[in-house]
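> Structure here, sequence nowhere to be found:
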């Protein structure tokens, strides 16, 4: 079945540090890939997405590139801020095959210190 | 455009009771999905409704059920509550469309309902 593997957290960084959160996936078919962010006490917000190989999703300084050859979708940001502290989830769906439900990774907690 | 709304936001029940949660999707969205979030199991898919029909179902017991109304609002029901049902229940809506020959499924989440079973 489909699965998503994320790096274990928490990830603790100082403000303005470079961020990478690794995400790899297994899926039958051609998945769409997503990064969601969850702030304390809130639901999930879509951060960025990519729907085909080599697509780069970007939003609010975050980027991720759909790498089909390595089945990866790593999240990066050049300079994190305290306000980026949250839990980040990598997810996939395979809508063309009818598997529209999102399959999530376990989440990575990011803590940014001033 | 208003986002996905869920009611109630917090709920406390006791074992054996039943509970109904409500979700109003973004205006124009016809698909509603439900997810359960727990510290141990993470985010797990419950079911998806589209045009009042259940299209997909996750691996949950029959105590978990749902429905969708003609205005796309959805409810989920959990009967005979167990302690392990304590979780954050998230609803997501989407407007399935095709772009560039590929089907897209961007889902927008509500704030969730925090259910505590005592």
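The structure has been received and is ready for your questions. Predicted model, so just to flag it, every value in this text is computed and none were measured.
> hey, let's count contacts and neighbours off CA atoms from now on
OK.
> most centrally placed residue in chain B?
Note on chain B: the residue nearest the mean C-alpha position is residue B:34, at 2.3 Å, using Cα atoms, centre = their mean.
> Remind me which helix or strand it belongs to.
Using DSSP states H and E, the element containing residue B:34 is strand B:31-38.
> can you tell me the residue of chain A closest to chain B?
For chain A, the residue closest to chain B is residue A:43, as judged by Cα to the nearest Cα, at 4.0 Å.
> OK, contacts around that residue?
Shown in contact with residue A:43 (Cα atoms under 8 Å, 6 or more residues apart in numbering or on different chains): B:90, B:109-112.
> Next, the contact list for residue 4, please.
No chain was given, so I picked chain A. Counted by Cα under 8 Å, 6+ apart, residue A:4 has contacts A:23-26, A:90-92, A:103-106.
> Let me rephrase: I mean chain B.
B:23-26, B:91-93, B:108-111.
> Give me the ChimeraX select line for those residues, limited to the buried ones.
To isolate the buried ones among the contacts of residue B:4 in ChimeraX, judged by 16 or more other Cα atoms under 10 Å in any protein chain shown, type:
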select /B:23,24,25,26,91,92,93,108,109,110,111
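> got JSON lines for the contacts of residue B:4, with pLDDT and secondary structure too?
Formatted as JSON lines, the contacts of residue B:4 follow (pLDDT from 0 to 100; DSSP: H, G, I helix; E, B strand; the rest coil):
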{"residue": "B:23", "pLDDT": "98", "secondary structure": "strand"}
{"residue": "B:24", "pLDDT": "97", "secondary structure": "strand"}
{"residue": "B:25", "pLDDT": "96", "secondary structure": "coil"}
{"residue": "B:26", "pLDDT": "94", "secondary structure": "coil"}
{"residue": "B:91", "pLDDT": "97", "secondary structure": "strand"}
{"residue": "B:92", "pLDDT": "96", "secondary structure": "strand"}
{"residue": "B:93", "pLDDT": "94", "secondary structure": "strand"}
{"residue": "B:108", "pLDDT": "92", "secondary structure": "strand"}
{"residue": "B:109", "pLDDT": "95", "secondary structure": "strand"}
{"residue": "B:110", "pLDDT": "95", "secondary structure": "coil"}
{"residue": "B:111", "pLDDT": "95", "secondary structure": "coil"}
